[in-house]
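> coords below, sequence missing:
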């Protein structure tokens, strides 16, 4: 569950995602520098080329430990790219006007209550067959969608 909470925060907080991304590059390049013995610029170049999956091949790990770092770095970058994609997808698809499940259930209950009360009122005012006659005259109205003021009309 802790991993799920961390991933949820990374997906939903762009600054945290960026910080983790930068930290991932710095840690990978630092480990590559320490293990492979390259300089700081060459190590950062390797991290950028590897992390972005460009893969020029001018720098590559030769030690087993260096290859292990490369594999872990590639997998972590894959996870971070997926988190970034999830963040952007969520941002695009999120509808602040959408009703929650609880709101939808509440409205459905209220509509059922109103429907029952209206049927009783029609029967009381116009007799038991009035409702059936009204529905026969306008059947398309019987199943017309109900619009709520919070819903926006889309052209």
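That came through, no problem. In this text the structure is predicted, and so the values were computed from the model without any measurement.
> what's the helix or strand for the closest residue to residue 59 other than its chain neighbours?
The shortest distance from residue 59 to any non-neighbouring residue, by CB to CB, 6 or more residues apart in numbering, is to residue 46 (4.2 Å). Using the backbone N, CA and C atoms, a C-beta is placed for each residue, glycine as well. Counting by DSSP states H and E, the element that carries residue 46 is helix 40-51.
> Would you list the phi and psi of the residue most central in space within the chain?
Centrality entry for the chain: nearest residue to the mean C-alpha point is residue 90, 3.2 Å, by CA atoms, centre = their mean. The phi and psi values for residue 90, taken as degrees, to the nearest 10, are phi -60, psi -40.
> backbone phi and psi for residue 39, please?
Dihedral pair for residue 39: phi -80, psi 170, per degrees, to the nearest 10.
> do residue 31 as well
Taking degrees, to the nearest 10, you get phi -70, psi -40 for the backbone angles of residue 31.
> was I right about it contacting residue 67?
No - if you go by CB atoms under 8 Å, residue 31 and residue 67 don't touch, sitting 11.6 Å apart.
> So between those two, which is more surrounded?
More neighbours surround residue 31 than the other of residue 31 and residue 67, with 20 against 14 (other CB atoms under 10 Å).
> What's the separation between the nearest residue to the more buried one once chain neighbours are set aside and residue 23?
Excluding the flanking residues, the one nearest residue 31 by CB to CB, 6+ apart is residue 69, at 4.6 Å. For residue 69, the distance to residue 23 (CB to CB, to the nearest Å) stands at 14 Å.
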